[in-house]
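S.K.: my questions concern the predicted model and sequence given below.
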Amino acid sequence: MKSDNRFIVFAIAFCWGLVALTGIYPGVGRCADAQDSEAEETRKFAEQGSAAAQFQLAGMYLTGQGISRDYKEAVKWYLKSAEQGYAEAQNSLGWMYANGQGVPQDYEQALKWFLKSAGQNNANAQFSLGVIHVKGQGVAQDSGEAMKWYLKSAEQGNAHAQFFLGQMYAAGEGVPQDFKEAMKWYLKSAEQGNAFAQFNLGSIYSEGWGVSQNHKKAIQWYLKSAEQNNANAQFNLAVLHAKGQGVPRNDAVAYMWANLAAAQGNDSARKLREEFLRHLSPEQLTEGEKLTREWIEKNFG
């Protein structure tokens, strides 16, 4: 029985929602009428020339919040806002070009808008520049340049940049491998709620990379990540509970975590769950299923 203690390492195909949409739209979760009303109000201010409203309206078109999703309209309003110097719109427009949403994919245009936004010290754009330098999109692949931009963004508190900076120190990419430095940046990101950074901190403590091995601290960080539905963290919690490492052995709790991770397609968790089904008592399995239902109701009910 092995825990999957590898770091989460991304093939950085940047997902839109990661930065540009976080916390921007107060209407998410409201009823349709409230969203429609908000869209109408936002459009009114956008048409009057408000750069902030143009940016928000573009985001509504991008996500389909209170309005029909339309990438071309999103680009139109991002451009209006960006041309007024609105830094977040410039960064967002860059990602529309990078992802080919509403416009033909064009990394040169993406780079142009990222640089304009980063020139205003926008942390999200600095992170974006780190991403494209890692991937070599529109620029030569350059880990050192990526590190420079990640650091600028991370020092402004960008949790995603802090995580990726930790990744580069952990992998020794662009810098000498340094788990203590990786841990420093993972911690900053994890404390802001980044589930991947929380998982990696759990792995560092579980394996003793650059720190004294400490299964109790590993469980603390895996738990924070697992509560955000990170399947790898859920699987590792299953293993640790089954082995009694860092916690008293509890096969019903181990089954719950394996069950939750397997439901998300984690193959290692699926195999572990099958092992539990063969070897646990009916009472333990019943308790494990009960705990699974309670966890789902608590977190998604």
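M.R.: Structure's in. What do you need? Quantities reported herein were computed from a predicted structural model and do not represent experimental measurements.
S.K.: helices or strands next to the helix or strand containing Leu223 in the packing?
M.R.: If you go by DSSP states H and E, Leu223 is part of helix 215-226. Taking 3 or more CB pairs under 8 Å, 6 or more residues apart in numbering; DSSP states H and E as contact, the helices and strands that helix 215-226 lies on are helix 195-207, helix 231-243. Using the backbone N, CA and C atoms, a C-beta is placed for each residue, glycine as well.
S.K.: which parts of that helix are buried?
M.R.: Across helix 215-226, burial judged by 16 or more other CB atoms under 10 Å covers His215, Lys217, Ala218, Ile219, Trp221, Tyr222, Leu223, Lys224, Ser225, Ala226.
S.K.: rewinding a little: adding mean pLDDT, distance to Gly144 and mean neighbour count, write the helices and strands packed on helix 215-226 out as JSON lines.
M.R.: Below are the helices and strands packed on helix 215-226 laid out as JSON lines (pLDDT from 0 to 100; distance: least, CB to CB, whole Å; neighbours: other CB atoms under 10 Å):
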{"stretch": "helix 195-207", "mean pLDDT": "96", "distance to Gly144": "22", "mean neighbour count": "26"}
{"stretch": "helix 231-243", "mean pLDDT": "97", "distance to Gly144": "29", "mean neighbour count": "25"}
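S.K.: want to throw those into a markdown table with distance to Glu287?
M.R.: Listed next are the helices and strands packed on helix 215-226 as a markdown table, based on distance: least, CB to CB, whole Å:
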| stretch | distance to Glu287 |
| --- | --- |
| helix 195-207 | 25 |
| helix 231-243 | 13 |
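S.K.: I'd say Asp142 and His133 touch.
M.R.: Yes - counting by CB atoms under 8 Å, Asp142 touches His133, with 5.0 Å between them.
S.K.: who has more neighbours out of the two?
M.R.: Higher neighbour count among Asp142 and His133: His133, with 24 against 14, using other CB atoms under 10 Å.
S.K.: quick check, pLDDT for the more buried one.
M.R.: If you check His133, the pLDDT there is 96.
S.K.: let me see the contact set for it.
M.R.: Val139, Gln141, Asp142, Ser143, Glu145, Ala146, Trp149 (CB atoms under 8 Å, 6 or more residues apart in numbering).
S.K.: weed out the non-buried ones from those residues.
M.R.: Val139, Ser143, Glu145, Ala146, Trp149.
S.K.: now do the first one against Asn266, distance only.
M.R.: Put plainly, it is Val139. 35 Å (CB to CB, to the nearest Å).
S.K.: next one: the third one
M.R.: Distance, Glu145 to Asn266, using CB to CB: 35 Å.
S.K.: same check on the last one?
M.R.: When CB to CB is the yardstick, Trp149 and Asn266 sit 32 Å from each other.
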